[in-house]
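A.B. asks: Structure here, sequence nowhere to be found:
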């Protein structure tokens, strides 16, 4: 077999997964017993796996998730009212494909941001486009975009995402520009894309945060009506970890 020229050709064609698989198989004596179709199937499987991994890595970098969280590391033993069956159902990401929303509420330190990032990470693995934003910083970025003429382009970029994570919603009341920004975001994504919102305040307090009754009705009607809800409770999980664990643990980091 002309191994080296074939490897060079595979690399030239951008089939790096197939090239690596071919090199690995060629080094295994038992591979000589494989049929040509079996060789080809293994090479294609490795190529497909590598491409999925690269797509995930690209999605994950673009998402800019606050926590390196994954759904496999969720601690269901913590006393915070997290419904295991509901969360596992959400982890399948079918709700994102169905263009539904998710609202995660609860006091500081019970893991709202971490859970949102875990679901965002899983969505990246499912080849969905995700971006994380802390809500106050997003409003500040949109204000700058409005000032330098990038506002429409910024809104279009947000609208294209399969999942937008808005973390730390509230408790400060919105000003007039922020209300309009939020209405534009929610309107663009209504029944078209999904949003995760995390907040220390219960949903029934969001009306007063938005302020303007007409705009509040428009935003909440679009955001809440098809939304799944996770309502957490209890004391901060940070307080329950020993100091040495709090400094080094990442898999169970909470926000």
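C.D. replies: Great, that's in hand. This one's a predicted model, so the numbers in the text were calculated from it and none came from an experiment.
A.B. asks: gap between the spatially most central residue of the chain and residue 198?
C.D. replies: Geometric centre of the chain, nearest residue: residue 120, 1.6 Å, by CA atoms, centre = their mean. Noted for residue 120: a distance of 11 Å to residue 198, by CB to CB, to the nearest Å. Using the backbone N, CA and C atoms, a C-beta is placed for each residue, glycine as well.
A.B. asks: what sits in contact with each of those two?
C.D. replies: Common neighbours of residue 120 and residue 198, using CB atoms under 8 Å, 6 or more residues apart in numbering, are residue 165.
A.B. asks: how many neighbours does residue 43 have?
C.D. replies: Residues lying near residue 43 (other CB atoms under 10 Å) number 19.
A.B. asks: got a pLDDT number for the closest residue in space to the residue nearest to the centre of the chain that isn't next to it in sequence?
C.D. replies: Leaving aside its chain neighbours, residue 120 sits nearest to residue 130 (4.7 Å; criterion: CB to CB, 6 or more residues apart in numbering). If you check residue 130, the pLDDT there is 98.
A.B. asks: Please enumerate residues in contact with the helix or strand containing residue 113?
C.D. replies: Assigned by DSSP states H and E, residue 113 belongs to helix 112-125. Residues from elsewhere that reach helix 112-125, judged by CB under 8 Å, 6+ apart: 56, 59-60, 63, 65-71, 73-74, 82, 87, 90-91, 93, 96, 102, 104-106, 130, 132, 162-163, 165, 167-168, 196, 198-200, 230, 232, 253-255.
A.B. asks: These in strands, which ones?
C.D. replies: Among these, the members falling in strands (DSSP state E) are 102, 104-105, 130, 132, 163, 165, 167-168, 196, 198-199, 230.
A.B. asks: Among the residues you listed, which one lies nearest to residue 21?
C.D. replies: Comparing those against residue 21 with CB to CB places residue 130 closest, at 29.5 Å.
A.B. asks: circling back: tell me the least confident of the ones in strands among the contacts of helix 112-125?
C.D. replies: For the ones in strands among the contacts of helix 112-125, the pLDDT minimum is residue 168, 93.
A.B. asks: What is the burial count for that residue?
C.D. replies: A count of nearby residues for residue 168, using other CB under 10 Å, gives 20.
A.B. asks: What's the separation between it and residue 74?
C.D. replies: 20 Å.
A.B. asks: still on that earlier bit, report the buried members of the contacts of helix 112-125.
C.D. replies: If you count burial by 16 or more other CB atoms under 10 Å, the buried members of these come out as 59-60, 63, 65-67, 69, 71, 74, 82, 87, 90-91, 93, 96, 102, 104-106, 130, 132, 162-163, 165, 167-168, 196, 198-200, 230, 232, 253-255.
A.B. asks: hmm, back to that, now distance to residue 22 too, for the ones in strands among the contacts of helix 112-125, in JSON lines please.
C.D. replies: Putting the ones in strands among the contacts of helix 112-125 into JSON lines (distance: CB to CB, whole Å) gives the following:
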{"residue": "102", "distance to residue 22": "43"}
{"residue": "104", "distance to residue 22": "46"}
{"residue": "105", "distance to residue 22": "52"}
{"residue": "130", "distance to residue 22": "34"}
{"residue": "132", "distance to residue 22": "38"}
{"residue": "163", "distance to residue 22": "37"}
{"residue": "165", "distance to residue 22": "40"}
{"residue": "167", "distance to residue 22": "45"}
{"residue": "168", "distance to residue 22": "49"}
{"residue": "196", "distance to residue 22": "42"}
{"residue": "198", "distance to residue 22": "46"}
{"residue": "199", "distance to residue 22": "52"}
{"residue": "230", "distance to residue 22": "46"}
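A.B. asks: Which pair of these spans the longest distance?
C.D. replies: 105 and 130 (20.6 Å).
A.B. asks: that older thread, now, which of the ones in strands among the contacts of helix 112-125 sits nearest residue 25?
C.D. replies: Among the ones in strands among the contacts of helix 112-125, and counting by CB to CB, the member closest to residue 25 is residue 130, at 35.2 Å.
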